[in-house]
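Visitor: Here you go, sequence then predicted model.
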Amino acid sequence: MATEIERKFLVIDDTWRAAVSKQSFYRQGYLASSDGTSVRVRVADGKAYLNIKSMTLGVSRYEFEYVIPLADAEDILEDLCLGPKIEKVRHFVNHAGHIWEVDVFEGDNAGLIVAEIELGSEDEVFEKPSWAGDEVSDDERYYNVCLVKHPYKEWQDRA
């Protein structure tokens, strides 16, 4: 079974931009979500993926991802997905031997910037960059599936 180990942090300034190695525009939508699982379609860099992920809180979750035809993904995004789509630019930033993914959200989630780091184990040591603020790995509001239902623009207590 595939496991994703990921930690999320709020981004507190723009100094990360100087270290960006590449960026990609992501568009994704959710076909279904329950208390335990989400199913999404994502398009990025001319490729499309179907993703199934457990929705447990914390840094470790089950995740399965499969390549699907781009035309199918576009149709699914347009006709079958729930609520507004997640649109973001993902910036890949090298820092202290790790690649950080800084997501700058657009649309209903504009203004939200979150940095993620994928790890090999829950206790893997890493250096947190100066531009990474509070950790939000255990705050479900920052999960993309939750941002579809409760977009950042509606939050009363924006971070």
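Guide: It's in. Numbers count the residues shown, from 1 in each chain.

Visitor: Would you map the helices across the chain?
Guide: Ranges of helices within the chain are 70-79, 144-149, based on DSSP state H.

Visitor: looking at the ones you listed, which has the lowest confidence?
Guide: Per-segment mean pLDDT for the helices of the chain reaches its minimum on helix 144-149, at a mean of 91.

Visitor: related to what we said a few turns ago, quick one: the helices of the chain as CSV, columns for mean neighbour count and distance to Asp134 too.
Guide: Heads up, the C-betas are built off the backbone N, CA and C, glycines and all. Supplementary listing: the helices of the chain in CSV, determined by neighbours: other C-beta atoms under 10 Å; distance: least, C-beta to C-beta, whole Å:
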stretch, mean neighbour count, distance to Asp134
helix 70-79, 14, 32
helix 144-149, 20, 17
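
Visitor: Nearest to His95 among those would be which one?
Guide: Among these, the nearest to His95 by C-beta to C-beta is helix 144-149 (22.3 Å).

Visitor: what comes into contact with the closest one?
Guide: Helix 144-149 is contacted from outside by 28-30, 33, 38, 40, 53, 55, 82-86, 105, 108-109, 112, 140-141, using C-beta atoms under 8 Å, 6 or more residues apart in numbering.

Visitor: Kindly report the same for stretch 60-70.
Guide: Against stretch 60-70 from outside (C-beta under 8 Å, 6+ apart): 1-6, 41, 43, 46-55, 122.

Visitor: repeat that for 7 Å
Guide: Contact with stretch 60-70 is made by 1-5, 43, 46-54, 122, as judged by C-beta atoms under 7 Å, 6 or more residues apart in numbering.

Visitor: Show me the two of those residues that sit farthest apart.
Guide: Gly46 and Glu122 (33.6 Å).

Visitor: Which one's more surrounded, the two?
Guide: Set side by side, Gly46 and Glu122 show more neighbours around Glu122, with 11 against 7, by other C-beta atoms under 10 Å.
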